[in-house]
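J.: Sharing a model prediction with you, sequence too.
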Amino acid sequence: MPAEDTVPHPADVATDTLSVHADVLEVEARKRALRRGVRARRRARDEETAAAVDAGVARVLVSCPLLAGARRVAVYSSLPGEPGTRALLAELRRHDVEVLLPARLPDDDLDWDLRPARADAPGHLGVHAIATADLVVVPALAVDTAGRRLGQGGGSYDRALRRVPARVPVVAVVHDEELLDAAVAPLPTLPHDRLVQAVVTPTRWLWLAA
Ligand SMILES: Nc1nc2c(c(=O)[nH]1)N(C=O)[C@@H](CNc1ccc(C(=O)N[C@@H](CCC(=O)O)C(=O)O)cc1)CN2
Ligand SMILES: Nc1ncnc2c1ncn2[C@@H]1O[C@H](COP(=O)(O)OP(=O)(O)OP(=O)(O)O)[C@@H](O)[C@H]1O
């Protein structure tokens, strides 16, 4: 039996629990507001810049040291509004780099497809396949210079990134204005959020203070 004075009073426990919940709700509300803002700005971008952004992302990533020596890279096919990954996927294929592409499962976790497919690895490879990549490229709505990432809100990459070994860099792709200074505008995070180690924009890349 614990001594009575080490047992918290039930009223204090309840108050603590309530304030923790309030903090989580506040962080989630701030994330939702930020997502709305980024999505609205992305919708307002024109197609001409989108083509330049797509080409820029490929040029920056292919010429930066992150990709040097990588044999297998986890990437994704960009959705409308996201910085494009079409040219990047084409470049990876041209350099004979294997690509893992995510497939969202009903519980929002990510399964992985290998391209080009291999006879000994047909179909979906399972949620743990991300652990076999030498570099993981992730989508984001925004990233700050401390490596905090704002995603689409499904928590898919939070789950998937837990399976990535610590030595494998995770790099987020955003538009230039979606890279935020952590000293000025830190992104809100919760304990499950995973930091990214680097960021690529259409014009530059940098290591983040993760
Ligand atoms: N290109 C790409 N592939 C990806 C992701 C991603 O963010 N981008 N994912 C990242 O986890 C996973 C899929 N999850 C996704 C979750 C939501 C939306 C989406 O389109 N959301 C709507 C807004 C929905 C809302 O308002 O709640 C949107 O962006 O308009 C896309 C992908 C895996 N594949
Ligand atoms: N390991 C996990 N297992 C189950 N649920 C999780 C896990 N990590 C995060 N989640 C849940 O996912 C939801 C969304 O998380 P969050 O807002 O961080 O998504 P996100 O990182 O922006 O989205 P995404 O990774 O899909 O781009 C949260 O409700 C969170 O509780």
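T.: It's in. Ligands and ions are numbered 1, 2, ... in the order given.

J.: Let's verify the residue nearest to residue 153 when sequence neighbours are not counted: helix, strand, or coil?
T.: Once flanking residues are discounted, residue 153 sits nearest to residue 35: 6.3 Å by CB to CB, 6 or more residues apart in numbering. In this view, the C-beta of every residue, glycine as well, is placed from N, C-alpha and C. Three-state assignment for residue 35 (DSSP: H, G, I helix; E, B strand; the rest coil): helix.

J.: which secondary structure elements does whichever strand or helix holds residue 27 contact?
T.: Assessed by DSSP states H and E, residue 27 sits inside helix 10-43. In this structure, helix 10-43 makes packing contacts with strand 149-150, judged by 3 or more CB pairs under 8 Å, 6 or more residues apart in numbering; DSSP states H and E.

J.: avg pLDDT for the helix or strand just after the strand it packs on?
T.: Of the helices and strands lying after strand 149-150 in sequence (DSSP H and E), the nearest is helix 156-161. The average pLDDT within helix 156-161 is 96.

J.: Kindly report the same for stretch 75-86.
T.: 97.

J.: And the helix holding residue 27, how far out from the chain middle?
T.: 19 Å (CA atoms, centre = their mean, to the nearest Å).

J.: residues of it that come out buried?
T.: 31, 34-35, 38, 42 (16 or more other CB atoms under 10 Å).

J.: Including pLDDT, could these go into JSON lines?
T.: Listed next are these as JSON lines, based on pLDDT from 0 to 100:
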{"residue": "31", "pLDDT": "97"}
{"residue": "34", "pLDDT": "98"}
{"residue": "35", "pLDDT": "98"}
{"residue": "38", "pLDDT": "98"}
{"residue": "42", "pLDDT": "97"}
